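Chemist: This is a predicted model, with the sequence first.
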Amino acid sequence: MGTIWSARIVDAPTDCAALIETVLARIIAQMSNWEAESDISRFNRLPLGQWMSLPDEMMAVLRAGLDMARLSGGAFDPAIGNLVDRWGFGPGKQAAAGTPPSPPWQAIEMDGFRARRLAPVALDFSGIAKGYAVDAVAQALKTRSLHHFLIEIGGELRGEGVKPDIQPWWVDAESPPGLAVPTLRIALCGLSVATSGDYRRFRMEGGRRLSHSIDPATGAPITHDVAAVTVLHQSAMLADAWATAITVLGPDRGMALATRHGIAARLIGRTSDQAQEYMTPALAAMLD
């Protein structure tokens with residue numbers, strides 16, 4: 001996934017790291033676009049219209065991604081792999097030929113535990129798979145009767161139980177470098193937090209910051225000045241997906257959608273000389 005993981009586990013057995021690596025290796029083998037023989041890469045190479053049976057975990061993430069696409073009006077889209085490659089943020093060595101359908105996610109058809117492409121689109125789970133991996137590691141630890149831990153994968157975190165001193169797992173939400181914003185400190189106890197930001201993967205072109213966050217509606221990087229979006233949710237996978245959707249929709253539409261669905265979210269926008277903070281009522285209530 002192009003990132004690192006860490007775990008703090010109370011009374012961890014000696015084989016805990018191996019257990020986590022096994023879980024992550026399984027997810028990478030299914031959902032990494034950077035592995036040529038992963039299930040997702042093989043799916044993206046299939047002839048149009050050909051069905052492929054998918055592993056349970058990949059199918060669960062695909063279902064969640066398509067549900068989020070419907071809910072967000074396509075702002076979150078798990079089938080924008082060709083657009084990501086076209087803008088140089090994916091594993092593709094060259095831009096995909098042709099114009100992808102709009103919206104791309106509607107070109108994915110599912111039937112039970114199999115799926116197929118109806119048009120030249122490519123699945124890309126970069127906006128949801130890290131969160132899913134956090135949830136999967138947490139579930140694996142619980143299966144081993146480990147109930148007090150903090151898991152982090154590429155900035156997505158999940159906390160369960162408490163630390164040995166009976167304190168909760170306090171974490172500070174990631175803030176964009178160079179912007180003065182209030183510290184958002186969160187107690188993760190049965191909660192996950194995910195942050196999407198334009199400072200992680202971007203490039204400068206003609207004095208303009210090109211974010212890795214692609215707007216499926218335009219087929220190009222987002223143009224509004226969203227620096228970071230942080231979302232709290234019981235599911236790290238859904239926190240991850242919501243953060244992506246809000247980032248693409250921007251301050252007005254994104255935070256309005258999150259508010260309607262009771263999502264705890266904070267958005268940091270860039271202005272000409274400072275940062276502007278937006279917060280949903282659900283998050284404000286948690287901080288009271």
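Modeler: It's in.
Chemist: residues contacting V229?
Modeler: T195, S196, G197, A243, I246, T247, G254, A265, R266, L267, I268 (C-beta atoms under 8 Å, 6 or more residues apart in numbering). Where C-beta positions appear, they are placed from N, C-alpha and C, glycine not excepted.
Chemist: Ok, E109 next?
Modeler: So E109 contacts A115, R116, R117, L118 (C-beta under 8 Å, 6+ apart).
Chemist: Let me see the mean pLDDT of the strand or helix carrying the first one.
Modeler: So that's A115. For A115, the host element (DSSP states H and E) is strand 114-117. Mean pLDDT, strand 114-117: 97.
Chemist: What subset of the contacts of E109 is buried?
Modeler: The neighbour count (16 or more other C-beta atoms under 10 Å) marks A115, R116, R117 as buried among the contacts of E109.
Chemist: ok, those vs P168, which is closest?
Modeler: Proximity of these to P168 (C-beta to C-beta) peaks at A115, which lies at 39.6 Å.
Chemist: Quick check: bridge partners of the closest one?
Modeler: M52, M110 (DSSP bridges).
Chemist: same deal with V229?
Modeler: S196, L267.
Chemist: Flag the shaky bits of the stretch 1-150 of the chain, pLDDT-wise.
Modeler: Scanning the stretch 1-150 of the chain with the threshold set as pLDDT under 70 gives 87-90, 92-100.
Chemist: All the helices of it, residue numbers only.
Modeler: According to DSSP state H, counting those that start in this stretch, the stretch 1-150 of the chain carries its helices in the segments 16-31, 39-45, 56-71, 81-86, 129-143.
Chemist: Can you lay out those as a markdown table showing distance to P281 and mean neighbour count?
Modeler: As requested, the helices of the stretch 1-150 of the chain are exported to a markdown table (distance: least, C-beta to C-beta, whole Å; neighbours: other C-beta atoms under 10 Å):
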| stretch | distance to P281 | mean neighbour count |
| --- | --- | --- |
| helix 16-31 | 34 | 17 |
| helix 39-45 | 37 | 18 |
| helix 56-71 | 19 | 19 |
| helix 81-86 | 33 | 22 |
| helix 129-143 | 23 | 22 |
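Chemist: In JSON lines, list those helices along with distance to W105.
Modeler: Output for the helices of the stretch 1-150 of the chain, formatted as JSON lines (distance: least, C-beta to C-beta, whole Å):
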{"stretch": "helix 16-31", "distance to W105": "16"}
{"stretch": "helix 39-45", "distance to W105": "14"}
{"stretch": "helix 56-71", "distance to W105": "4"}
{"stretch": "helix 81-86", "distance to W105": "11"}
{"stretch": "helix 129-143", "distance to W105": "16"}
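Chemist: in the longest helix seen in the chain, what counts as buried?
Modeler: Identified as the longest helix of the chain according to DSSP state H is helix 236-260. Of the residues in helix 236-260, 236-251, 253-255, 257-258 count as buried by neighbour count, 16+ other C-beta under 10 Å.
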